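K.L.:
need coordinates for the following:
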Amino acid sequence: MNSIIDRAFKEMMENWQQMSVSSPEDSEADADRFQNSFYKLIELVRDWIEGMKRRPRNMEEALALPEIAKMIELLPPPLYLNFETELECILEGHSRVEDTFDD
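P.N.:
Numbering: from 1, shown residues only. Below is the predicted model:
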């Protein structure tokens, strides 16, 4: 993995922490900031995996990658399922559908 993904992971974690202590006035903006940083990270992971010479063929192989294992280890439990779901979509070749209701 590279420093760009490391920085995106750190930013996402910082936004998660900020969101968890948000005041009611800031909660929507903090949640949006977290969501944006989470999906930015996912897109960087997608690009990284798709650029591999030998891509993981299944979740077991993907979760065994040291870089992914490190992120999983550091993720707060509520984020694990979301991360795993997005990783599975990457492996299956699916792209995230943007939520059109936010526009």
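K.L.:
what residues sit buried inside the helix or strand harbouring Leu81?
P.N.:
Following DSSP states H and E, one finds Leu81 within helix 77-92. Counting neighbours by 16 or more other CB atoms under 10 Å, one finds that the buried residues in helix 77-92 are Leu79, Phe83, Glu84, Glu86, Leu87, Ile90, Leu91. For glycine as for every other residue, the C-beta is placed from the backbone atoms N, C-alpha and C.
K.L.:
can you check stretch 59-73 too?
P.N.:
Residues of stretch 59-73 classed as buried: Ala62, Leu65, Ile68, Met71, Ile72 (neighbour count, 16+ other CB under 10 Å).
K.L.:
for the residue in the chain sticking out farthest from the centre, which three-state class applies?
P.N.:
When distances are taken from the C-alpha mean of the chain, Glu25 lies farthest, 25.6 Å away, according to CA atoms, centre = their mean. Put simply, Glu25 is coil when judged by DSSP: H, G, I helix; E, B strand; the rest coil.
K.L.:
any idea how far it is from Gln17?
P.N.:
According to CB to CB, to the nearest Å, Glu25 and Gln17 sit 18 Å apart.
K.L.:
per-residue confidence at Ala8?
P.N.:
Looking at Ala8, its pLDDT reads 97.
K.L.:
and the helix or strand containing it, what does it pack onto?
P.N.:
Secondary structure from DSSP H and E places Ala8 in helix 3-20. Using 3 or more CB pairs under 8 Å, 6 or more residues apart in numbering; DSSP states H and E as the contact test, the elements touching helix 3-20 are helix 27-50, helix 66-74.
K.L.:
nice, that's everything, thank you.
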